[in-house]
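>>> Quick one: sequence and predicted model below, then my questions.
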Amino acid sequence: MSTDPVSAGQARILFCHGSRDPAWRLPFERLVEEHRGRFPGREVRLAFLEFMCPTLGDAIDELAGAGCGPIRIDPMFLAPGAHTRSDLPELVKAARRRWPLLVISIAPSLLESPATRQAIIDSLEPLR
């Protein structure tokens, strides 16, 4: 758990779709490591909708069982769709039944953020 007074107890879960290809998760693991490097001591985990572990429920249970909270879930989905509008809220609802006092919030999908859109635009190679 974090010793940073601003984020003590807070946790973040990067929620990804998952893939049958084991290498698919590597960029997300790199993202978690870079997050930990930038914010030492803050709790961050990966969780997957399907095909990979841990599941979102497993990640929430691990963090809540360790006394972390509140938990913010950041969907690593480019745009809103069935997974973020339906599947994710249902998974969070189930977690809230297991952990009724735990505060769980869900961030918007990636392209709903002006900062993310700008970063993508900035990273695009100019046309020649």
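In hand now; what should we look at? Computed from a prediction, not measured in an experiment: that's the story for all the values here.

>>> So for the chain, the centremost residue is which one?
Leu14 (1.6 Å; C-alpha atoms, centre = their mean).

>>> Gly9 contacts Gly69, doesn't it?
Yes: between Gly9 and Gly69 there is a contact at 5.8 Å, judged by C-beta atoms under 8 Å. In short, each C-beta sits where N, CA and C put it, glycine included.

>>> Neighbour count for the two, which is higher?
A count of neighbours by other C-beta atoms under 10 Å puts Gly69 above the other of Gly9 and Gly69, at 18 against 15.

>>> Need the three-state assignment for the more buried one.
coil (DSSP: H, G, I helix; E, B strand; the rest coil).

>>> Longest helix in this structure, please.
helix 26-38 (DSSP state H).

>>> tell me which residues of it are tucked away?
Buried residues in helix 26-38, counting neighbours by 16 or more other C-beta atoms under 10 Å, are found at 28, 31.

>>> elements contacting that helix?
Packing partners of helix 26-38 (3 or more C-beta pairs under 8 Å, 6 or more residues apart in numbering; DSSP states H and E): strand 11-16, strand 43-48.

>>> quick one: low-confidence ranges for this protein?
1-8 (pLDDT under 70).

>>> at 80 what do you get?
The model of the chain has pLDDT under 80 over residues 1-8, 127-128.

>>> how about the helices in it?
Counting by DSSP H, the helices of the chain are 26-38, 56-65, 82, 88-98, 114-123.

>>> May I see the buried residues of the second one?
Within helix 56-65, the residues that qualify as buried by neighbour count (16+ other C-beta under 10 Å) are 56, 59-60, 62-64.

>>> want to try JSON lines for these, with distance to Phe39 as columns?
As requested, those are exported to JSON lines (distance: C-beta to C-beta, whole Å):
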{"residue": "Leu56", "distance to Phe39": "21"}
{"residue": "Ala59", "distance to Phe39": "17"}
{"residue": "Ile60", "distance to Phe39": "20"}
{"residue": "Glu62", "distance to Phe39": "19"}
{"residue": "Leu63", "distance to Phe39": "15"}
{"residue": "Ala64", "distance to Phe39": "20"}
